[in-house]
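Need coordinates for the following:
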Amino acid sequence: MTPPVVGNKLKRAALWAREKERKKKDKQAKRDARKKKRTRQQQLNRDGGEIGEIEPPAQRPRTLESTREVETTAVAAGDAEVLGDEADDEFAAHEYRAGPDGEPWAGFVKPKIMITTRPRPSRELFRFVGDLITVVPSAFFYPRRHFTVQQICALASEKGFSHLIVLSEKAKKCNGLLLSKLPAGPTAFFKVSNVEVGGDLPDSGRQTTHQPEILLNNFSTRLGRRVGRFLGSLFYAKPAFRGRQAVTFHNQRDYIFVRHHRYIFEERDDKKAKKVIARLQELGPRFTLKLRWLQDGTFDTKFGAYEWLHRRKQMDTSRRKFHL
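Numbering: from 1, shown residues only. The predicted model follows:
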């Protein structure tokens with residue numbers, strides 16, 4: 001349908017808007033019809049009925065994630081070599097495995113995290129620290145004072161801490177997170193963005209001290225699995241399911257989105273029977289991490305050896321190439 005020529009600009013714009021809305025509705029109706037027919041064919045195929053002309057499968061949208069270049073260090077599911085390396089790495093001691101008597105295995109070490117900040121932190125950074133301490137039940141805050149990061153690493157190791165987190169900020173916004181495994185490393189630095197504390201989220205719930213479930217999504221390379229295990233080692237790996245809390249580290253295009261939710265089950269009356277609906281309530285905080293470097297050993301910018309260092313000009317040659 002070709003719209004008639006209309007001289008008035010406002011009427012012409014309104015006419016085009018109606019035409020655009022009509023095309024959108026027609027397109028959605030065709031999409032719904034194909035989906036309904038495809039679902040019906042699946043049911044008939046399962047029950048042994050006549051399915052008629054086969055509807056083609058739904059097309060997969062082309063995105064940067066779906067068209068990513070194959071990474072040479074990609075890990076296949078159940079890779080024996082990778083699993084063997086992970087069974088004896090720096091984070092293996094924090095994996096909870098029940099023994100024959102139901103107690104943790106002999107080599108298990110419960111994580112204990114020290115959190116500190118840059119010197120003279122702002123009030124906004126303290127709010128973020130408060131949320132982190134709630135998310136990670138075994139985390140403790142110590143003021144930075146005049147100590148260097150190397151001195152804090154040595155002090156935390158003497159006090160029996162397994163991890164150190166140092167937060168930095170710029171213009172009263174957290175912009176960096178240094179994570180170090182004590183006493184021998186490794187150490188990672190992440191750029192932090194889009195920080196929102198739990199009190200600023202709409203309809204946010206209240207956190208409890210239950211151990212959350214940990215979800216590590218889409219870490220598919222050797223580096224990605226190492227970073228995922230590093231982040232997962234912050235938490236006691238035996239969750240308290242009574243609390244129904246989950247912490248998600250979702251990797252997408254090398255950005256790690258961190259979310260903290262509580263899942264809730266509700267009964268709703270349907271036309272035929274009662275339905276149990278699961279929904280999520282965000283607890284906070286929410287923020288995004290971007291790995292900048294991974295260093296062997298504890299923090300040492302002068303003599304430390306880097307396992308991985310993000311070099312933009314050499315590595316970011318393609319928008320479809322990702323490292324995690």
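
Every contact and neighbour count from this point should use C-alpha atoms.
Fine.

What lies in contact with the lengthiest strand in the chain?
The single longest strand within the chain, with elements called by DSSP state E, is strand 255-269. Contact with strand 255-269 is made by 135, 205, 243-251, 274-291, as judged by Cα atoms under 8 Å, 6 or more residues apart in numbering.

in its sheet, what does that strand sit against?
Paired strands of strand 255-269, with direction, are strand 245-252 (antiparallel), strand 274-282 (antiparallel), strand 286-296 (antiparallel) (DSSP bridges).

So A106 belongs to a helix, correct?
No: counting by DSSP: H, G, I helix; E, B strand; the rest coil, A106 falls outside a helix, being coil.

P143 is nearest to which of the strands paired with strand 255-269?
When the strands paired with strand 255-269 are ranked by distance to P143, counting by Cα to Cα, first place goes to strand 286-296 at 22.3 Å.

Now do stretch 67-75, average pLDDT.
Per-residue pLDDT over stretch 67-75 has a mean of 79.

Ok, stretch 177-194 next?
91.

how far does that stretch stretch from start to finish?
This stretch, stretch 177-194, spans 13 Å end to end (Cα to Cα, to the nearest Å).

what ranges do the strands span in this structure?
113-117, 139-141, 163-170, 173-181, 187-196, 213-217, 245-252, 255-269, 274-282, 286-296, 305-309.

What lies in contact with the shortest one?
It refers to strand 139-141. With contacts defined as Cα under 8 Å, 6+ apart, strand 139-141 is touched by 112-116, 129, 132-133.

10 Å instead, please
111-117, 126, 129-130, 132-134, 161, 163-165, 234-235 (Cα atoms under 10 Å, 6 or more residues apart in numbering).

Report the buried members of those residues.
111-117, 129, 132-134, 161, 163-165, 234-235 (16 or more other Cα atoms under 10 Å).

pull the CA atoms of stretch 242-252 into PDB?
Output in PDB follows, covering the C-alpha atoms of stretch 242-252 (Å, rounded to 0.1, in the frame of the first residue of the first chain):
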ATOM      1  CA  ARG A 242      16.800 -22.100  52.600                       C
ATOM      2  CA  GLY A 243      17.900 -18.600  51.800                       C
ATOM      3  CA  ARG A 244      17.000 -19.000  48.100                       C
ATOM      4  CA  GLN A 245      19.700 -16.500  47.100                       C
ATOM      5  CA  ALA A 246      21.900 -16.700  44.000                       C
ATOM      6  CA  VAL A 247      24.900 -14.600  42.900                       C
ATOM      7  CA  THR A 248      25.400 -14.700  39.100                       C
ATOM      8  CA  PHE A 249      28.600 -13.900  37.200                       C
ATOM      9  CA  HIS A 250      27.500 -13.700  33.600                       C
ATOM     10  CA  ASN A 251      30.200 -13.200  30.900                       C
ATOM     11  CA  GLN A 252      29.000 -11.600  27.700                       C
END
